[in-house]
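Participant: Sequence first, then the predicted structure, then my questions.
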Amino acid sequence: MITEAIVLSAILFVIGTFGVLVRRNAIIMFLCIELQLNAVNVAFVAFSNLFGIDGQIFVFFVMTVAAAEAAVGLAIIISIFRHYESVDVGSFNLLKW
Amino acid sequence: MTTVLFYVFAGIAIGAAIGVVISRSPVGSLLFMVTTLAAIAGTFVLMEAHFLAAVQVIVYAGAIMVLFLFVIMLLNLGHEAQRDLKGGAFAVVAAGVGGAMAGMLALQLRGADVAATGAGAEAIAAATAEYGAVGAIARPLYTTYVVPFEITGILLLVAIVGAVVLAKRSDA
């Protein structure tokens, strides 16, 4: 089951990466980043079956950091939306060369 | 039985993850994401991580996803129907990056000799039998990992303050 879990983790991570690259909606991009974090969590739990409980504790920390990241990121999206009236990443080009 | 259930949960997780990427409505994406998280929680149960499965459902699917839903509703994006996927060359590049990553991960896995079970599973089972599912995680968390744990608390405090400052209207 460990091998299957690592394969599942890899597939979910690739889907998440593809989503971040291909979507325009900033909120969905965020959602895909959460998907990548969860893919890593699956790998951590799988490896905790080999190396002990530390992997599960790392998942705990990853979840906390994901919560903090979601709170700050969504606040940034809200303040960007106030300015541009859009969450389409194509419309934020202030830092584009 | 366990392996069959694992494949079921993995299939649901992958299918719903694809749904997250291709769904047109943001709320649809979000509901697919909740499905993915619930299926991942199922795989956690099968891998004997019961506490994390509960936290996954309560914190991730329950709290973080509701936060996303609040923002989607607050910004009134729920009915967005226009095309949201980047088309053309960008999709090709994204597929290339995804394919390259999948290939590299597959190469890594092909050579690896992963044991079906290991010393970790036995240690976790022993700790769970002695302290319970929560105690098995709580003990190392409050002893070996107490400094990262406290730093995480500070991180959450900073995130709360940052979120409030960022989302506050500057003229109010």
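Facilitator: Okay, I see it.
Participant: For chain A, see how far away B:V164 is.
Facilitator: 8 Å (CB to the nearest CB, to the nearest Å). For the C-beta atoms, the positions are set from N, CA and C on the backbone; glycine is no exception.
Participant: what's the distance between the strand or helix carrying A:R82 and the middle of its chain?
Facilitator: A:R82 belongs to helix A:54-84 when assigned by DSSP states H and E. Relative to its chain's centre, helix A:54-84 lies at 9 Å (CA atoms, centre = their mean, to the nearest Å).
Participant: ok, is it in contact with chain B or not?
Facilitator: Yes - for helix A:54-84, a contact with chain B is found by CB under 8 Å from any CB of the partner chain, at A:54-57, A:59-61, A:63-72, A:74-79, A:81-82.
Participant: so what's the residue nearest to B:A159 when sequence neighbours are not counted up against?
Facilitator: Leaving aside its chain neighbours, B:A159 sits nearest to A:A68 (3.5 Å; criterion: CB to CB, 6 or more residues apart in numbering or on different chains). Listed by CB atoms under 8 Å, 6 or more residues apart in numbering or on different chains, the contact set of A:A68 reads B:155-156, B:158-159.
Participant: What about those, which one has the most neighbours?
Facilitator: When neighbours are counted by other CB atoms under 10 Å in any protein chain shown, B:A159 leads the contacts of A:A68 with 20 neighbours.
Participant: Now do that residue, the pLDDT please.
Facilitator: We have a pLDDT of 93 for B:A159.
Participant: The host helix or strand of it - contacts with which helices or strands?
Facilitator: For B:A159, the element it lies in under DSSP H and E is helix B:146-167. Counting contacts by 3 or more CB pairs under 8 Å, 6 or more residues apart in numbering or on different chains; DSSP states H and E, helix B:146-167 packs against helix A:54-84.
Participant: by how many degrees do the helix it packs on and helix B:146-167 diverge?
Facilitator: For helix A:54-84 against helix B:146-167, the angle by axes from the mean of the first three to the mean of the last three CA atoms, to 10 degrees is 10 degrees.
Participant: average pLDDT across stretch B:58-70?
Facilitator: Computed over stretch B:58-70, the average pLDDT equals 90.
Participant: and B:I151, how many residues sit next to it?
Facilitator: So B:I151, with other CB under 10 Å, has 12 neighbours.
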